[in-house]
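[1] I'd like to go over a predicted model; first the sequence, then the structure.
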Amino acid sequence: MTTLYLDLETYCETPIKHGTHRYAEDVEITLFAYAIDDGPVKVWDCTATDNIPGDLAQAFVSPSVTLVAHNTGFDRTVLNAQFRKTDLSRWQDTMVQALAHSLPAGLGDLCEALGVPTDQAKDKDGRQLVLLFCKPSNTRKIRRATRETHPDQWARFIDYAGRDIIAMRECQRRMPTWNYTGAELALWHLDQTINDRGVLVDVEMAEAAIRAVDLAQKKMAKRVNAMTGGAVQAATQRDAMLKHMLEEYGIELPDMQASTLERRVNDLSLPAELRELLVIRLQASSTSTAKYKTLINGVSSDGRLRGTLQFNGASRTGRWAGRLFQPQNLPRPSLKQDQIDLGIAAMKADCVDLIVDDVMELTSSAIRGCLIAPLGKQFVVADLSNIEGRVLAWLAGETWKIKAFEDFDKGTGHDLYKLAYAKSFGVKPEDVSKDDRQVGKVQELALGYEGGVGAFITFASAYGIDLEAMGQQAWDAIPEDIQREAKRAHGYAFKTGKTFGLSDRAWCTCDAFKRTWRNAHPEISTFWGELQDAAVQALVNKGVTYSCRKLLVRCDGAWLRIKLPSGRFLCYPGAALKDGKLHYKGVNQYSRRWSALQTYGGKLAENVTQAVSRDILAASMQGIEDAGYQIVLTVHDEIIAEAPDQPHYNADHLSALMVTKPQWADGLPLAAAGFEAYRYRKE
């Protein structure tokens, strides 16, 4: 006896969307499906008898038996809460194993990707049975269906419960284990510890924020109703607002996106009343109480929110993805921290309208502040500085840039984002402001992976940069030969309709930035092509390993793999050449279906850079835990830890732990910085 495969069916009045840990506090286990090694699948009907089957009891308590489930974040959490706690090191997860190799997370999709046969009709019937027996109903005469009320369906439900065990066991057999052994498996166990630990939530603040938003929405609706003579009942009524503006002012807007409204708000030729309407619309749509409600609904009885991280959740790279309130996807604060702190106090005192003009802007900026340190503890937070820029330069061998990072870390060189801005705008790096630095950051983020004007626009929008104003300011500082090349490129873009709605000057400035950046980065620019060539050669000559600077590329069967310096692999299942272009199988981000996707050198470079950046962060995490910092979240390249509220635990110490280089990262310049606080914030 070596492996126990298991899968639970449950009933709970608490919606699962509130999070597994909150759900598990009130859940009832109804069916316990299991199989030992290659043995038959059995189902313990927990509603029929409390007596656990002997073979299940023996396997469950035996420390030498590995426990396997698909999405153990659910099964293990429920078992810990309602059945019996187990040693975390005994667990393995076929969903995490799939994600580690760039396969779909859902068991049905995974079966499809691996060619594991399933009966679609029975699967559909099974989903209907889950809805019948696992959730309360507000529409049926009977709120809860049971084995007594629906005996025939219950018998089918028992049969359905066992089928997932068969599928899970076969998927595990067919999946590789390259990225799910040793250090990676240990890292997942640490991830589960972090998810179980959770983070304390200031529920009082979240409730106050919801009240403040509701009150502000009512006030804005009243004002809009009065201004439009009842034509628009609330600022959130998009179509009614557009119709009123057209009929009353003769103004037709293409959409109600924030960027569109912001441009028109600053148009002094518009009537003041119309601009006020647009301001109200901006405020009304600038935030949602959804994240605050998620925090309130998801907290466990001890006030902590758990299960917010998905290990290997970011496709291919292995980075963490957010769950529940999505800590990786919180809005960028538009207010200064002292304004946010004052606003939080005002919200909790129910007098926020006396302190701030735009309640929506405050609640959007303040969401991080709902995460707090317990009494006697503090948050210690640190972030790896420009880690992707450093890793890309190191992988490509861009020696001047590696030296620039090293000089900056020593205090003798310039910040690389400021340096990028200074080169483009013809100013001294020391004269670059904090806001100007954001433009340099956009250049670095947008252009390092073979991006052009389109990529520049995407990042500029995310960082709130006005490309038209930037074009007017920067154009004269661009060398004449680059200007000519950019103008020629614009002519082609204009013919093909790829100017993205920008003026000639703004488009050409973005294109010129791309050209000057590539000229300054010859090793990175050639790295893209070399990596693509290595992948193509590996597909043509399967079983042969090709080196690309610090990487190894190889294709075996349908698996294209890139071996990272850490020893982990980036996996591209179903890889093939079609018309000379690289294709592989993955989850389409739009359709969410498993399908053929196309890639290229710049995208491969982005994947490996982000993957190595993740490996750097991951390499430090156990040491951070051992030093007494209890990690509660990772957000991109940032670690948020709880620690005793003592001087010994501080951001400098945490930063030093984060930049302790593993042996495989020799020569990679690393730096980190952070802060201590009692509320989480954006530094």
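    That came through, no problem.

[2] give me phi/psi at the residue nearest to residue 275 when sequence neighbours are not counted?
    On the basis of CB to CB, 6 or more residues apart in numbering, the spatially nearest residue to residue 275 that is not a chain neighbour turns out to be residue 265, at 5.5 Å. Any C-beta I mention is one placed from the backbone N, CA and C, and that applies to glycine too. Listed backbone geometry of residue 265 is phi -60, psi -30, with angles given as degrees, to the nearest 10.

[3] check contacts around residue 265.
    Neighbour list for residue 265: 275, 278, 279, 282 [criterion: CB atoms under 8 Å, 6 or more residues apart in numbering].

[4] same check on residue 580?
    With contacts defined as CB under 8 Å, 6+ apart, residue 580 is in contact with residue 536.

[5] from residue 600, how far out is it?
    In this structure, residue 580 and residue 600 are 11 Å apart, going by CB to CB, to the nearest Å.

[6] check residue 324 too.
    If you go by CB to CB, the gap between residue 324 and residue 600 works out to 34 Å.

[7] comparing those two, which residue is more hemmed in?
    When residue 324 is set against residue 600 and neighbours are counted by other CB atoms under 10 Å, the residue ahead is residue 324, at 21 against 16.

[8] hang on, that one packs against residue 294?
    Yes - the pair residue 324 and residue 294 passes the contact test of CB atoms under 8 Å, sitting 5.7 Å apart.

[9] and the residue nearest the centre of this structure?
    Among the residues of the chain, the smallest C-alpha distance to the mean C-alpha position (CA atoms, centre = their mean) belongs to residue 321, namely 3.8 Å.

[10] look up the closest residue to it, ignoring the ones flanking it.
    Spatial nearest neighbour of residue 321, excluding adjacent residues (CB to CB, 6+ apart): residue 313 at 2.5 Å.

[11] for that neighbour, give me its contacts.
    99, 319, 320, 321, 322, 323.

[12] same thing but at 7 Å, please
    Contacts for residue 313 (CB atoms under 7 Å, 6 or more residues apart in numbering) come out as 99, 320, 321.

[13] looking at those residues, which are in strands?
    Secondary structure from DSSP state E places residue 321 of these in strands.

[14] and of the contacts of residue 313, the nearest to residue 537?
    Relative to residue 537, the closest of those is residue 99; by CB to CB it sits at 27.9 Å.

[15] next one: the closest one from residue 338, what distance?
    Shown here: residue 99 relative to residue 338, a distance of 41 Å by CB to CB.

[16] looking at those two, which is more packed in?
    When residue 99 and residue 338 are compared on other CB under 10 Å, the one with more neighbours turns out to be residue 99, at 25 against 8.

[17] find the nearest non-adjacent residue to that one, please.
    Of all residues not flanking residue 99 in the chain, residue 312 sits nearest, at 4.0 Å (CB to CB, 6+ apart).

[18] in the worst-scoring helix or strand of the chain on mean pLDDT, which residues are buried?
    The least trusted helix or strand in the chain, going by mean pLDDT, DSSP states H and E, turns out to be helix 258-265, with a mean of 75. By neighbour count, and taking 16 or more other CB atoms under 10 Å as the criterion, the buried residues in helix 258-265 are 261, 264, 265.

[19] how about stretch 597-608?
    Buried positions in stretch 597-608, judged by neighbour count with 16+ other CB under 10 Å: 597, 599, 600, 601, 602, 603, 604, 605, 606, 607, 608.

[20] can you redo those residues as JSON lines with pLDDT?
    Conversion of the buried residues of stretch 597-608 to JSON lines gives the following (pLDDT from 0 to 100):
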{"residue": "597", "pLDDT": "95"}
{"residue": "599", "pLDDT": "96"}
{"residue": "600", "pLDDT": "97"}
{"residue": "601", "pLDDT": "97"}
{"residue": "602", "pLDDT": "97"}
{"residue": "603", "pLDDT": "96"}
{"residue": "604", "pLDDT": "98"}
{"residue": "605", "pLDDT": "98"}
{"residue": "606", "pLDDT": "96"}
{"residue": "607", "pLDDT": "97"}
{"residue": "608", "pLDDT": "98"}
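
[21] out of these, which comes closest to residue 413?
    Closest approach between the buried residues of stretch 597-608 and residue 413, by CB to CB: residue 605, at 24.5 Å.

[22] for the closest one, give me its contacts.
    Applying CB under 7 Å, 6+ apart, one finds that residue 605 lies in contact with 392, 449, 527, 528, 531.

[23] 10 Å instead, please
    Contact partners of residue 605, counting by CB atoms under 10 Å, 6 or more residues apart in numbering, are 392, 395-396, 448-450, 524, 527-532, 548, 551.

[24] what does residue 63 give?
    86, 87, 89, 90.

[25] wait, the second one sits on residue 193?
    This points to residue 87. No - here residue 87 does not reach residue 193: they are 11.8 Å apart, not a contact under CB atoms under 10 Å.

[26] more neighbours: those two, which one.
    residue 193 (13 against 9).

[27] and the host helix or strand of the more buried one, what does it pack onto?
    Assignment of secondary structure by DSSP states H and E places residue 193 within helix 182-197. Taking 3 or more CB pairs under 10 Å, 6 or more residues apart in numbering; DSSP states H and E as the contact definition, the neighbouring helices and strands of helix 182-197 are helix 20-24, helix 72-82, strand 91-93, helix 94-100, strand 309-310, helix 601-626, strand 630-635, strand 638-644.

[28] and the last one, which strands flank it?
    In this case it means strand 638-644. According to DSSP bridges, the neighbouring strands of strand 638-644, each with its direction, are strand 377-384 (antiparallel), strand 630-635 (antiparallel).

[29] pull up the gap between residue 92 and residue 4, please.
    If you measure residue 92 against residue 4 using CB to CB, the figure is 10 Å.

[30] can you check residue 420 too?
    54 Å.

[31] more neighbours: which of these two?
    Neighbour comparison, residue 420 and residue 4: the larger count goes to residue 420, with 26 against 22 (by other CB under 10 Å).

[32] element containing the more buried one?
    Short version: residue 420 belongs to helix 416-425, going by DSSP H and E.
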